[in-house]
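*Asks:* with the sequence up front, the predicted model follows.
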Amino acid sequence: MTDSSTSNSSHHETGKSLWQRWIDRIRPKPDSSEALHQVFADAEDNQVIGAESRIMLEGVLRMAELTAGKVMVAAARMDLINIDASLDESLHQVIDTAHSRFPVFEGERDNIIGILLAKDLLKLQRAPALNIRTLLRPPVFIPESKGLNDLLRDFRNTRNHMALVVDEFGRVAGLITIEDVLEQIVGDIEDEFDEQDDAGDIYALVDGSFRVSGDTAIDRVEEAFETSIFTPDEAEPQENRFDTIGGFIAHAMGHVPRRGELFEINGLRFQVLLTKAGAVKWFKVFAVQANTVQTPQQTDKAP
């Protein structure tokens, strides 16, 4: 009876194997990322998965091919805290940038000595004898070539949320956070300023001013406000012109604008509302003088 059972089992496995080979012959398994993308597309078409699920699955594939160097915030755009700065100055920087973690340097910007969590500054209120140096956490350094899959696993295992990226010469090339990695899968992780980001780039506000995204094209701003960012006598050389209003203002100010900073040009005053990843996300724009600026044309009203 045992021999018969064994024989039947073996025959069943052989038959299953032959059947599986036949199935594989008429419907081969995907053997490349392009084939997998097609599988996801077919699954969505057949309503096996939804559009959002397909986007995330494709994001997982895309993330597997990316490295930290491709996603990092470049060193020039990093918000750093100087260990020698006063506590008041550091607090203002934390408030203005609204980050939760900051690399702290001493002397040169490349000399990162630790990571400061914004919430740890609250400890100074209860224990004035402490100083920022005592609150620092060890920095984590990774090479530019580190894959995002491996980095995400490290973030999860160590419960660390930020890493500094170094180039082949050991210099700090940028930083990357767990949010930067996850955004490769789920898209931008937005906040209250980003809720209407897909509805347009210029919004009318109830106080008569306007909210303008930093990546709005300069031509769009000029057309909407019926003005010229570049006056004839102060025109920038063509090679120095920027495509976006945020890039132009950062260049004109000589640094990455911080929340609350103001910039005026040709009757328009730009106030920084939000910065993210070393760039301006939103400006508040209003006329320097009454009736100086016309109402932007075809502008969506902010909620």
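*Replies:* Right, received. Where do you want to start? Numbering: from 1, shown residues only.
*Asks:* then stretch 142-157 to CSV, C-alphas only?
*Replies:* This file holds the C-alpha atoms of stretch 142-157, laid out as CSV (Å, rounded to 0.1, in the frame of the first residue of the first chain):
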residue,chain,number,x,y,z
ILE,A,142,26.8,55.7,3.4
PRO,A,143,28.4,55.6,-0.1
GLU,A,144,26.6,57.2,-3.0
SER,A,145,26.5,53.7,-4.6
LYS,A,146,24.4,52.2,-1.8
GLY,A,147,21.1,50.7,-3.2
LEU,A,148,17.8,52.0,-1.9
ASN,A,149,16.6,48.5,-1.1
ASP,A,150,19.6,47.9,1.2
LEU,A,151,19.3,51.4,2.7
LEU,A,152,15.6,51.0,3.5
ARG,A,153,16.4,47.7,5.3
ASP,A,154,19.1,49.4,7.3
PHE,A,155,16.8,52.3,8.2
ARG,A,156,14.2,49.7,9.5
ASN,A,157,16.7,47.6,11.4
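*Asks:* average pLDDT for that stretch?
*Replies:* Averaging pLDDT along stretch 142-157 gives 92.
*Asks:* what is the helix or strand harbouring Asn111 packed up against?
*Replies:* Assigned by DSSP states H and E, Asn111 belongs to strand 108-117. With contacts taken as 3 or more C-beta pairs under 8 Å, 6 or more residues apart in numbering; DSSP states H and E, strand 108-117 sits against strand 101-106, helix 132-135, strand 172-177. C-beta here means a position set from N, CA and C on the backbone, and glycine is covered the same way.
*Asks:* deepest-packed of the ones you listed, please.
*Replies:* Ranked by average neighbour count under the criterion mean count of other C-beta atoms under 10 Å, the helices and strands packed on strand 108-117 are headed by strand 172-177 at a mean of 23.
*Asks:* so after that strand, what's the next helix or strand?
*Replies:* That would be, after strand 172-177 and using DSSP H and E, helix 178-186.
*Asks:* next secondary structure element downstream of that following helix?
*Replies:* The element immediately downstream of helix 178-186 (helix or strand, assigned by DSSP H and E) is strand 202-204.
*Asks:* which residues sit against stretch 249-263?
*Replies:* Stretch 249-263 is contacted from outside by 77, 79, 93, 95-98, 240, 242, 265, 269-275, 278-280, 283, using C-beta atoms under 8 Å, 6 or more residues apart in numbering.
*Asks:* so what touches the strand holding Asn111?
*Replies:* Under C-beta under 8 Å, 6+ apart, the answer for strand 108-117 is 75, 80-81, 83, 100-106, 132-133, 135-139, 162, 164, 171-172.
*Asks:* can you give me the buried ones in that strand?
*Replies:* Ile112, Gly114, Ile115, Leu116, Leu117 (16 or more other C-beta atoms under 10 Å).
*Asks:* buried residues, the helix or strand just after that strand. List them.
*Replies:* Counting by DSSP H and E, the element after strand 108-117 in chain order, helix or strand, is helix 122-126. Within helix 122-126, the residues that count as buried by 16+ other C-beta under 10 Å are Leu124.
*Asks:* counting contacts, what elements does helix 122-126 pack onto?
*Replies:* So helix 122-126, by 3+ C-beta pairs under 8 Å, 6+ apart, packs with helix 132-135.
*Asks:* what is the helix it packs on packed up against?
*Replies:* Helices and strands touching helix 132-135, by 3+ C-beta pairs under 8 Å, 6+ apart, are strand 108-117, helix 122-126.
*Asks:* ok, and the closest non-adjacent residue to Leu268?
*Replies:* Leaving aside its sequence neighbours, Leu268 sits nearest to Val285 (C-beta to C-beta, 6 or more residues apart in numbering; 5.8 Å).
*Asks:* partner strands of the strand or helix carrying that neighbour, with direction?
*Replies:* Assessed by DSSP H and E, Val285 sits inside strand 279-287. Strand 279-287 has the following strand partners under DSSP bridges: strand 210-213 (antiparallel), strand 268-276 (antiparallel).
*Asks:* could I have the buried ones of the contacts of stretch 249-263 as PyMOL selection syntax?
*Replies:* This is the PyMOL syntax for the buried subset of the contacts of stretch 249-263, where burial follows 16+ other C-beta under 10 Å:
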select buried, resi 79+93+96+97+242+265+269+270+271+272+273+274+275+278+279+280+283
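*Asks:* sorry, back to before: between the strand holding Asn111 and strand 172-177, how big is the angle?
*Replies:* Angle of strand 108-117 versus strand 172-177, following axes from the mean of the first three to the mean of the last three C-alpha atoms, to 10 degrees, is 20 degrees.
*Asks:* chain center to strand 108-117: distance?
*Replies:* Here the centre of strand 108-117 is set off from its chain's centre by 21 Å, with C-alpha atoms, centre = their mean, to the nearest Å.
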